[in-house]
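>>> Just the structure for this:
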Amino acid sequence: MTYPVTLDHDAQAEFDTGYDYYAMRRLAAAEEFADAVQIVLTRIGKTPRLHQAVFGEVRRAIVRGFPYCVYYREEQGRVRVIAVFHTSRDPSIWQSRI
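Numbering: from 1, shown residues only. Sure, this is the predicted structure:
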């Protein structure tokens, strides 16, 4: 069974910011970033308990090839993405969204 994956507003904004950052440097890098995030979203939709819980029930999936992590949790038959978060940022930012 594959669960629907939804991005919170803040998570979508973080993804968009990351995409725009890479697009300003090289459009191909932005597409690679989008593909890497999509791979994570597909994986967590299929196996949401695959990744370690890092803050209560919130789990972290690393975006391969980029300094980003996807923070999410399983809720009522869906996967809710709380953050698409650059690893250099203060984690209390995404933690405050819980």
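
>>> For the residue most central in space within the chain, give me its contacts.
Geometric centre of the chain, nearest residue: V70, 2.5 Å, by CA atoms, centre = their mean. Applying CB atoms under 8 Å, 6 or more residues apart in numbering to V70 gives the contacts 11, 37, 40-41, 44, 60-61, 63, 81, 83-85. No exception for glycine: its C-beta is placed from N, CA and C like everyone else's.

>>> which one of the residues you listed sits closest to M1?
The closest of the contacts of V70 to M1 turns out to be I44 (CB to CB; 13.1 Å).

>>> which is the next helix or strand following the helix or strand hosting the residue nearest to the centre of the chain?
V70 belongs to strand 68-75 when elements are defined using DSSP states H and E. Moving toward the C-terminus from strand 68-75, the next helix or strand (DSSP H and E) is strand 78-86.

>>> Would you mind listing the outside residues contacting the helix or strand hosting V54?
Secondary-structure element containing V54, defined by DSSP H and E: strand 53-55. Contacts to strand 53-55, defined as CB under 8 Å, 6+ apart, come from residues 59-60, 71, 95, 98.

>>> If we use 6 Å, what do you get?
59-60, 95 (CB atoms under 6 Å, 6 or more residues apart in numbering).

>>> Drop anything exposed from the residues you listed.
59-60 (16 or more other CB atoms under 10 Å).

>>> Can I get the contacts of strand 53-55 in JSON lines including pLDDT, secondary structure and distance to Y22?
Converted to JSON lines, the contacts of strand 53-55 look like this (pLDDT from 0 to 100; DSSP: H, G, I helix; E, B strand; the rest coil; distance: CB to CB, whole Å):
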{"residue": "R59", "pLDDT": "98", "secondary structure": "strand", "distance to Y22": "25"}
{"residue": "R60", "pLDDT": "98", "secondary structure": "strand", "distance to Y22": "21"}
{"residue": "Q95", "pLDDT": "95", "secondary structure": "helix", "distance to Y22": "25"}
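
>>> Let's have the contacts of strand 53-55 in a markdown table, adding distance to H51.
As requested, these are arranged in a markdown table below (distance: CB to CB, whole Å):
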| residue | distance to H51 |
| --- | --- |
| R59 | 4 |
| R60 | 6 |
| Q95 | 16 |
